[in-house]
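Asks: Next input, structure requested:
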Amino acid sequence: MFFAKKKKKSVEENEQDLRITTIPSDFYAGAEPTIKFKKVEKTVDLNKEQFLTKKEAVIHQQKTAKGGEKKLHPANLFTSRKFILLTSLGLFVIFVAGASAYYWYSASRPATGSVPTATTNQTSAVGYTTDSSASTSSVSSVTSTSTSSNSSDQLSKENIIFPSLLLGYGLDYDNDGLSDKEETLFGTELAINDTDNDGYTDGHEVYYLYNPAGKEPKKLINSSFFKQYINPTFGYSLYYPASWAIGNIDSNYSDILFTALSGESVEVKVVSSAGLNFDNWFSANATGEKYSLLKDFTSVYNQAGKMRNDELVYYFLDGQQVYVIVYHATNDNLVNYRAIIGMIARSFKSKDNNFVKLWAQEDSSTGLSASSTMPSVTSTITVTATTTSATASASASSTAATSTSL
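Replies: The predicted structure follows:
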């Protein structure tokens with residue numbers, strides 16, 4: 001009996017723990033329940049402004065803007081900071097590479113030519129006599145034999161490239177007429193305008209083809225800084241810096257380029273005159289140039305010519321051809337060697353040196369008068385030349401009372 005009573009108590013405890021859930025009576029026998037909704041009232045303020053959240057505004061902008069969500073659409077590319085930055089960087093790299101390649105090409109191009117050594121079958125002796133007690137000397141130079149004729153069909157048909165009138169000039173610290181870069185070429189002092197202390201500025205001495213660094217009057221050609229170039233075809237001669245490269249542009253030596261290490265150069269070009277006087281030749285060949293900017297110019301060999309007023313272009317005419325000397329600057333548009341091109345023009349001498357009279361007659365008819373950019377000197381110059389085919393001699397004298405030679 002003990003065990004039976006205990007079992008009955010356990011069953012009663014289990015019945016108390018059971019949870020019985022029944023469905024509502026509305027669902028019995030397939031009955032359709034009636035659903036009732038609670039009535040909730042909500043007040044809306046129609047005058048209150050509605051605002052989008054920041055996230056909602058971004059999504060709205062992406063969906064409604066031109067280009068939408070297409071990342072490669074131009075409207076999206078050109079408003080992307082990342083795209084603009086990368087594109088700008090790429091264009092800058094391309095520009096730098098292109099400019100570097102162009103500068104390298106311009107600097108290396110003139111140095112490709114070479115001028116062969118001439119045979120010494122023709123000699124000329126040049127004697128200087130001035131009213132100064134300082135200088136009576138002779139300079140022997142060698143020219144080369146040329147069997148080629150100077151007919152117009154030999155001459156370069158290319159257009160002449162003239163320097164801009166807007167070029168700037170290199171620094172001249174001591175204001176002596178020589179730029180700081182030219183001081184190195186002439187061996188003069190950068191901060192002293194009269195290096196040899198002879199009473200003449202360095203630029204003045206260079207104009208008259210004297211060595212500004214010499215302690216006594218010495219010709220430039222006798223210094224180690226300069227040499228004489230003699231054209232093997234046309235026979236003209238001139239002085240040029242010994243450190244500059246010589247480039248032969250045409251096979252007949254009608255276009256010669258003298259180039260500095262900086263890339264700046266002086267071009268000497270021979271062009272056919274086609275039987276024209278200088279005025280007509282200038283109108284036909286000097287494209288873009290103005291005759292009103294020219295003035296008379298004379299070399300130390302009394303060879304008359306024309307010079308542009310910025311001293312960067314020179315012309316010499318002999319009736320058969322025109323010799324044109326022009327300056328070419330580099331990309332920085334600075335002229336650092338104006339005294340050098342002046343020296344080249346002042347030392348220029350044609351083979352026959354007989355066109356002085358031709359040009360003088362033309363000038364007398366037009367009312368022009370020969371003059372120099374620097375003060376004139378009293379001098380007598382005698383030139384004698386002997387060749388294997390012909391003998392030519394010429395003498396000329398020029399007198400002026402405005403100054404005395406070195």
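
Asks: and residue 18, how far is that from residue 230?
Replies: Distance of residue 18 to residue 230, computed by CB to CB, to the nearest Å: 132 Å. For the C-beta atoms, the positions are set from N, CA and C on the backbone; glycine is no exception.

Asks: Spatially nearest residue to residue 183 (excluding sequence neighbours)?
Replies: Once flanking residues are discounted, residue 183 sits nearest to residue 190: 5.0 Å by CB to CB, 6 or more residues apart in numbering.

Asks: tally of neighbours for the one you found?
Replies: Residue 190: 14 surrounding residues under other CB atoms under 10 Å.

Asks: just to revisit the earlier point, more neighbours: which of residue 18 and residue 230?
Replies: More neighbours surround residue 230 than the other of residue 18 and residue 230, with 20 against 6 (other CB under 10 Å).

Asks: Quick check: pLDDT value at residue 268.
Replies: With respect to pLDDT, residue 268 scores 96.

Asks: May I have the beta-bridge partners of it?
Replies: For residue 268, the beta-bridge partners are residue 256, residue 325 (DSSP bridges).

Asks: And the one 4 residues further on, by the same measure?
Replies: Here residue 272 sits in beta bridges with residue 321, as judged by DSSP bridges.

Asks: burial of it, as a residue count?
Replies: 20.

Asks: and what of the one 4 residues further on?
Replies: The number of residues packed near residue 276 is 16, by other CB under 10 Å.

Asks: Same check on residue 159?
Replies: Counted with other CB under 10 Å, residues neighbouring residue 159 total 11.

Asks: Without its sequence neighbours, what residue ends up closest to it?
Replies: Spatial nearest neighbour of residue 159, excluding adjacent residues (CB to CB, 6+ apart): residue 287 at 6.4 Å.

Asks: and the one you found, what does it touch?
Replies: Contact partners of residue 287, counting by CB atoms under 8 Å, 6 or more residues apart in numbering, are 159-160, 162.

Asks: again, 10 Å this time
Replies: Contacts here follow CB atoms under 10 Å, 6 or more residues apart in numbering; on that basis residue 287 touches 159-162.

Asks: Roughly how far does residue 314 sit from residue 94?
Replies: Residue 314 sits 40 Å away from residue 94, going by CB to CB.

Asks: Could you check which of these two is surrounded by more residues?
Replies: Shown here are residue 314 and residue 94; by other CB under 10 Å, residue 314 has more neighbours (25 against 10).

Asks: Any of the contacts of residue 287 buried? List them.
Replies: Among the contacts of residue 287, those classed as buried by 16 or more other CB atoms under 10 Å are 160, 162.
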